[in-house]
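Task: produce atomic coordinates for the following.
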Amino acid sequence: MAMKEVVNGEYELAKFLMKSKVELIKDPHERLEAQITYLHILIYLDEYEEALEILTVIQNHFSPSDFRPCLFKAIGLTMLGNHEDAKICWKAFMKTIGIKGLPNFN
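Modelled structure (predicted):
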């Protein structure tokens, strides 16, 4: 439902709906997936600081083989201009998906 609001341009409503939904979910796995959806919405809306705050709260709930925390953090840090820390996260992300090093974007 919240993604429909994002598509329709009702961003604040989408954020409110997802945040409310997350608070109501009791099952830990379902709650994590709802928090990830909320994180996606925040990234889509360029609200990287809030997305990184959410990630900090939930990152310990991911399995060690899950690449998403590295990816989300790399995106957020890159977009906030923190390129040195972002580079570390991009390398960690690339490692989790089996690629060594970073591509040369120059």
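
what's the neighbour count on residue 10?
14 (other Cβ atoms under 10 Å). From N, CA and C alone the C-beta is placed, and that goes for glycine too.

nope, residue 42 is what I meant
25.

which helices and strands sit right next to the strand or helix carrying it?
Under the criterion of DSSP states H and E, residue 42 resides in helix 28-44. On a contact count with 3 or more Cβ pairs under 8 Å, 6 or more residues apart in numbering; DSSP states H and E, helix 28-44 meets helix 2-7, helix 11-24, helix 48-58, helix 68-79.

Most tightly packed of those helices?
helix 68-79 (a mean of 20; mean count of other Cβ atoms under 10 Å).

what angle sits between it and helix 48-58?
Counting by axes from the mean of the first three to the mean of the last three Cα atoms, to 10 degrees, helix 68-79 lies at 160 degrees to helix 48-58.

residues contacting the nearest residue in space to residue 92 that is not next to it in sequence?
Distances taken as Cβ to Cβ, 6 or more residues apart in numbering put residue 70 closest to residue 92, at 4.4 Å, once the chain neighbours are dropped. With contact taken as Cβ atoms under 8 Å, 6 or more residues apart in numbering, residue 70 is in contact with 89-90, 92-93, 96.
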